[in-house]
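sequence and predicted structure, then a few things I'm wondering about:
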Amino acid sequence: MDTYTVDIVYQAISALFQGTNPKEQEKANKWLQEFQKSIYSWTIADELLHQKRDLHANYFAAQTIRNKIQNSFSELPPHTHESLRDSLITHLAQIDEHTDNVIVTQLSLAVADLALLMATWQEPISDLIKALAPHPAAIWPLLEVLKVLPEEIDSRYLRLGANRREQVHKQLDASAECVLELLCMCSQRKDLDQQRIWIATLSTYSAWLAIQAFPLSHICDNALSQLAFRLLSQPAETSSKLHDNATECVCALLSCMGSRSGQLEVDPQVTRIFEAVCQLETAYHLSVAHEDTDKTINYCRIFTTLCDAFSVSIYESQYAMKGLDLVLLCVGHFDYEVAEVTFYLWYKLSEDLFQRYDEKLTARFRPHIERLISALYRHAQMESDHDGLIEENNNFYDFRRKVSDLLKDVAFIVGSGACFKQMFIILQDPTTTWESTEAALFVMQNVAKNILPEENDVIPKVVEAILNMTDQTHIAVRYTSIMLIGELCDWIEDHSDLLEAVLNFLLYALQQKNGLAPAAAIALTSICSACRQKMICHISGLVQIAHSLDSFQINNDVAIGLLKGISLILTKLPREQLQPALREIVGFQLQPLAQLLESGHCDPAKNERSDPVYWIDRACAIIRHTNPDVPNNVEHPTVAILNDAWPLISRVLERYQSESRIMERTCRLIRYGIRMVRKQAVMLVEPLIKQIVVLYAVQHHSCFLYVGSILVDEFAKSDECIAGLLEMLQAFIEPTFALLQLENGLRNNPDTVDDFFRLASRYLDCCPLQLLQSSLITPIFQCALIACSLDHREANSSVMKFFINLLTWGGRSTNQRYSECRPLVIELATQHGGALVMNLIQASVFQLHSYMLADVAEVLNELKHVVPQAQMQLFLVHALDSLPKKNSGGYVTATQQQLDEFSNTVLRADTIKAVAQALKTFTRLYR
């Protein structure tokens, strides 16, 4: 206790917030962080709040108390809970108009979290109202506590569990009428700052609406709902902050009703609210007239929430279609930020209509989507005085990207062809400005992919006009036209008479230095992909393009895309043409790489020509996408190229071994090379294994493990290779385990976990018996047991797949390989099954995200098929008994009935899905 006293803590706080020496401030910050973790911080923080020496100390103390309740509540013995509660309520009661809002918020959160965690506090709402409501100054913290209490119910830090959450919801439901009465009374008090009390009561009301604590009959006509609509109906007189709170309130109100009501017409109260929202149209127009965009966006949110709160079926009523008309009114606003607020509604609507697949229902929305597309066309227009292209990563560029996604989503409702024609009509108008032309082409670009290839009415005219564009045409129009040509690749494949002209057009654009080259490269990539067979006759020109890539004004990502397109054409070449063309194109990438090595350049600049990755990624794209159909008994045309390239690749591995980025890309190149020629890469296996094993022991790059898994996949089915591959695994195990056994080794090296267990799974896929008979399987299994708790998506998935693949060999099958492996798997499962179930249950409850539980369920399901049911039941009972029966707050986490129900469900389940659902439901009891 000598280390931590009130005075020493004050000194540290002063050094942190008022000191001028950065080193001393950093030292004080670390000391205070350690103090907050200590058991003594409870009493000292409480004393700091009582003393109220200065703002910084008060804030630090309030934050400390809140953090301790949230993260370390189990440190307190149950008999101290009541004194903590009383002390916090005393602190709240002493708040006055001079208390900083941040301190009020922290103390309010502390009280709210305590109310949620403390099972013996039976009526927290009633107690707080009785203690604080009589004091005018205490109304503010009381309202803040009432606001944050429902918001904290689902806090992932508190981990209340489903049972406690249900209790809390019942408590709040029982107190709802009392709270509503208090809020209505506070909103009408004249002795308090009117604007402040309205903001506080509306935000608290919104929080309670969000958890649906009030009956529907209580929320439509009460004073707070009426206040919110009254404030919104007078935009000129309502301050921005109050307007925001009224908006949140109405949106919460609509969401609350939407979750309870399927049809507007069913409940007259819901209809009244709908009418009240519709009456806000006048206020919307007033906000537009006053150019108050923030308030305009608020009305747009309300109209959008109205439509979002109810299902598509309600729109079958013409009356209710008014909601969509209001949303479209907002979409038509001159500021695209207003329209953007509505986008999620259109996404949801299009998904709903697509799933329903009801032509009659879809037809009802066609006029709305036509209006939407017309508005998006207007919003997508550039400024008329804009000279160049749109700069990437500015707000308008991001908006157009979202418009692009939305157009692709909703186009099916009106039909891509109809949308294309609608834009073509705009293009035909001789008075159309360049920015209108560009926007129309932009819309066309986003729907072109879904137009039928046999369309011969509009597209030929559009393509002809694009191909005949002059250099005087605005650069943005030319850029979008080129992108449109790329999107029409499937149509061009069906109209090959235009292919020559299109290629000449794109090649001309590719050679420009005005910003058109990237669009031309992207379009050419699409053409190559769609017209592979018909592009064979142009291969010499494409090889020349590959040779001249660095003369074009394109970045390396675009260049790689273009190489991918060219490689797809190479795949279609006859064998005698493929090898020389491929050797030439790969050589364009490997020669500069060899020059880099010879130059001794050791400090590569990322994404520059001096960066080995620049050339390796290009070679990767070529190898990956050149995939000729070669029979197994015929030598692959690229084997010689790969063998010739190996010395260079080996030198890269040696030279840049400490650079993880270069190693990852080089291993990717090796992976695609081996995948291309498969078993014909056998000449490389021995030297490759020798080199990656040595490098891995020194550098621990997990990509070497991944290369190892590729080798296992390709060569472990050949008996003569198995011994060498098992030696490789043995060599990998020691440095891997040494790395993972360091402090936080699993958490700090998820890629190693991922790649190691993927490697182990490949052995189980390809040579299970040899691995199961070896001494390696037990330490690998034990390592996997520890890695169960790693909450990294890919790494955990690989661990679970390892268990699944292993246990699969213990299943019942007449296959000879199964009969040989089964006894070995059964022995493992019998010996370690209890630990496996224990770790899986513990990880599922305390560490893993819910989306990761499906893999855990599959492991449990496979284990059921390996061990007898009675043994599986014992494993489950033992694992469930190890879980805490009560939380630190004293409430029951899971009843014995719930534990038994989960165990029985897992044992009886016929499908993985049933086990996964049971596991997700069960873990909610602890979250």
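That came in fine, so what should we check first? Being a predicted model, the structure only gives us computed values, none of them experimental.

any stretches of the stretch 701-850 of the chain with poor pLDDT?
For the stretch 701-850 of the chain, the stretches flagged by pLDDT under 70 are 813-814.

just the helices in it please.
If DSSP state H, counting those that start in this stretch is used as the criterion, the helices of the stretch 701-850 of the chain fall at 703-715, 719-740, 745-748, 750-766, 768-773, 777-787, 793-808, 816-846.

closest to residue 885 out of those helices?
Closest approach to residue 885 among those is made by helix 816-846 (12.8 Å; C-beta to C-beta). In this view, the C-beta of every residue, glycine as well, is placed from N, C-alpha and C.

returning to what we had before: CSV for the helices of the stretch 701-850 of the chain, including mean neighbour count and distance to residue 591?
CSV is the format used below for the helices of the stretch 701-850 of the chain (neighbours: other C-beta atoms under 10 Å; distance: least, C-beta to C-beta, whole Å):
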stretch, mean neighbour count, distance to residue 591
helix 703-715, 23, 24
helix 719-740, 17, 32
helix 745-748, 16, 39
helix 750-766, 24, 31
helix 768-773, 19, 42
helix 777-787, 18, 43
helix 793-808, 22, 36
helix 816-846, 18, 47
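
I'd like these as CSV, with distance to residue 677 appended.
Written out in CSV, the entries for the helices of the stretch 701-850 of the chain read as follows (distance: least, C-beta to C-beta, whole Å):
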stretch, distance to residue 677
helix 703-715, 9
helix 719-740, 15
helix 745-748, 36
helix 750-766, 18
helix 768-773, 25
helix 777-787, 30
helix 793-808, 26
helix 816-846, 27
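
which among the ones you listed is found nearest to residue 499?
Taking C-beta to C-beta as the criterion, residue 499 comes closest to helix 703-715 out of the helices of the stretch 701-850 of the chain, the separation being 37.8 Å.

dump the C-alpha coordinates for that closest one into PDB.
These are the backbone C-alpha positions of helix 703-715, laid out as PDB (Å, rounded to 0.1, in the frame of the first residue of the first chain):
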ATOM      1  CA  CYS A 703       5.000 -18.100 -45.900                       C
ATOM      2  CA  PHE A 704       7.600 -20.900 -46.000                       C
ATOM      3  CA  LEU A 705       5.100 -23.100 -44.100                       C
ATOM      4  CA  TYR A 706       2.500 -22.300 -46.800                       C
ATOM      5  CA  VAL A 707       5.000 -23.400 -49.600                       C
ATOM      6  CA  GLY A 708       5.500 -26.500 -47.600                       C
ATOM      7  CA  SER A 709       1.800 -27.200 -47.600                       C
ATOM      8  CA  ILE A 710       1.700 -26.800 -51.400                       C
ATOM      9  CA  LEU A 711       4.500 -29.300 -51.700                       C
ATOM     10  CA  VAL A 712       2.700 -31.800 -49.500                       C
ATOM     11  CA  ASP A 713      -0.500 -31.300 -51.600                       C
ATOM     12  CA  GLU A 714       1.300 -32.000 -54.800                       C
ATOM     13  CA  PHE A 715       3.800 -34.700 -53.900                       C
END
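
that one vs helix 719-740, what angle?
Here helix 703-715 runs at 160 degrees with respect to helix 719-740, directions being taken by axes from the mean of the first three to the mean of the last three C-alpha atoms, to 10 degrees.

quick one: pLDDT of residue 308?
Confidence at residue 308, expressed as pLDDT, is 87.

pretty sure it is touching residue 258, no?
Yes. Checked against C-beta atoms under 8 Å, the pair residue 308 and residue 258 is within contact range at 7.4 Å.

low-confidence stretches in the stretch 151-300 of the chain?
The model of the stretch 151-300 of the chain has pLDDT under 70 over residues 260-267.

which stretches in it count as helices?
If DSSP H, counting those that start in this stretch is used as the criterion, the helices of the stretch 151-300 of the chain fall at 162-187, 194-210, 216-219, 223-232, 240-260, 268-278, 281-289, 293-308.

Throw these into CSV and include distance to residue 902 and mean neighbour count, thanks.
Conversion of these to CSV gives the following (distance: least, C-beta to C-beta, whole Å; neighbours: other C-beta atoms under 10 Å):
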stretch, distance to residue 902, mean neighbour count
helix 162-187, 12, 17
helix 194-210, 30, 22
helix 216-219, 35, 16
helix 223-232, 42, 21
helix 240-260, 28, 21
helix 268-278, 39, 17
helix 281-289, 52, 17
helix 293-308, 35, 23
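
nearest to residue 555, out of those helices?
Here helix 293-308 is closest among the helices of the stretch 151-300 of the chain (C-beta to C-beta), at 35.8 Å.

any idea how far residue 219 is from residue 253?
Taking C-beta to C-beta, to the nearest Å as the measure, residue 219 and residue 253 are separated by 6 Å.

need the residues touching each of those two.
209, 225 (C-beta atoms under 8 Å, 6 or more residues apart in numbering).

closest one to residue 272 among the helices of the stretch 701-850 of the chain?
Per C-beta to C-beta, nearest to residue 272 of these: helix 816-846, 46.2 Å.

the inter-axis angle of the closest one versus helix 750-766?
The directions of helix 816-846 and helix 750-766 differ by 150 degrees, with the same axes, to 10 degrees as the criterion.
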